[in-house]
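> Sharing a model that was predicted from the sequence below.
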Amino acid sequence: MKNHVLRPLFAAMALVALILTARALMVPSDFGVHGKSFTYNFYRAGAVSDWKNFPVSYKGGGSCVECHDENAESLAASRHQIIQCENCHGPARNHPEDPETLTINRSRDLCLRCHADLPYPGSLRSELPAIDPGEHNPGEACVECHNPHNPNLEDME
């Protein structure tokens, strides 16, 4: 064969050999097909124990109800019942063991994530009660007038 054919062929073979060598060096030995519970069934077997040992950040609303049952009852009766506590309060991490880890976000921006008036006609987003932040009590925190656990103005404590 001529050189103009052999050179690209050798270059392609060298590239394939380089890729296979890099894969052999970089891919962990426990990576492969390990069942039907992961995307495309490929994962690193050691990842399961890694994730089991990973500290939980979000615990879910069930852990909040144990101590905050009055807020849970109020929330269950309000229009915010579908919202998990940690959406507004942040990840519970070490709460209640370390109460300082759970900071309560009382900012107006938190409420406006859902309640800013956005023109999405025909979507579920358009069904949420919305405000124009420039006209509705600008500069005031929403929690000054609304109890987030029961946002109806009539039910303020």
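That came through, no problem. Numbering: from 1, shown residues only.
> With adjacent residues omitted, what lies nearest to Asn137?
Spatial nearest neighbour of Asn137, excluding adjacent residues (Cβ to Cβ, 6 or more residues apart in numbering): Cys145 at 7.0 Å. Every residue, glycine included, has its C-beta placed from N, CA and C.
> And the one you found, how far from Arg108?
Separation of Cys145 from Arg108 (Cβ to Cβ, to the nearest Å): 11 Å.
> ok, those two, which is more surrounded?
A direct count of neighbours by other Cβ atoms under 10 Å for Cys145 and Arg108 places Arg108 higher, at 18 against 12.
> what does the model give that one for pLDDT?
Model confidence at Arg108, given as pLDDT, is 89.
> That one against Glu140, yeah?
Yes - here Arg108 reaches Glu140: they are 7.2 Å apart, a contact under Cβ atoms under 8 Å.
> By mean pLDDT, flag the weakest helix or strand of this protein.
The least trusted helix or strand in the chain, going by mean pLDDT, DSSP states H and E, turns out to be strand 31-33, with a mean of 75.
> Next secondary structure element downstream of that one?
Sequence order places strand 42-44 as the next helix or strand after strand 31-33, per DSSP states H and E.
> Now tell me what touches the helix ranked longest in the chain from outside.
Longest helix in the chain by number of residues (criterion: DSSP state H): helix 3-26. The contact list for helix 3-26 (Cβ atoms under 8 Å, 6 or more residues apart in numbering) is empty.
> how about it as CSV, C-alpha atoms only?
Extracted C-alpha coordinates of helix 3-26, given in CSV (Å, rounded to 0.1, in the frame of the first residue of the first chain):
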residue,chain,number,x,y,z
ASN,A,3,2.1,5.9,2.3
HIS,A,4,-0.8,8.1,1.9
VAL,A,5,-3.1,5.2,2.9
LEU,A,6,-0.9,3.7,5.6
ARG,A,7,-0.2,6.9,7.5
PRO,A,8,-3.8,7.7,8.3
LEU,A,9,-4.5,4.1,9.1
PHE,A,10,-1.6,4.0,11.6
ALA,A,11,-2.7,7.3,13.0
ALA,A,12,-6.2,6.0,13.5
MET,A,13,-4.9,2.7,15.1
ALA,A,14,-2.6,4.8,17.4
LEU,A,15,-5.6,7.0,18.4
VAL,A,16,-7.8,3.9,19.2
ALA,A,17,-4.9,2.4,21.2
LEU,A,18,-4.5,5.6,23.1
ILE,A,19,-8.2,5.8,23.9
LEU,A,20,-8.3,2.2,25.1
THR,A,21,-5.2,2.7,27.2
ALA,A,22,-6.6,5.9,28.8
ARG,A,23,-9.9,4.1,29.5
ALA,A,24,-8.1,1.2,31.1
LEU,A,25,-6.2,3.6,33.4
MET,A,26,-9.0,6.0,34.2
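> I appreciate the help and will end here.
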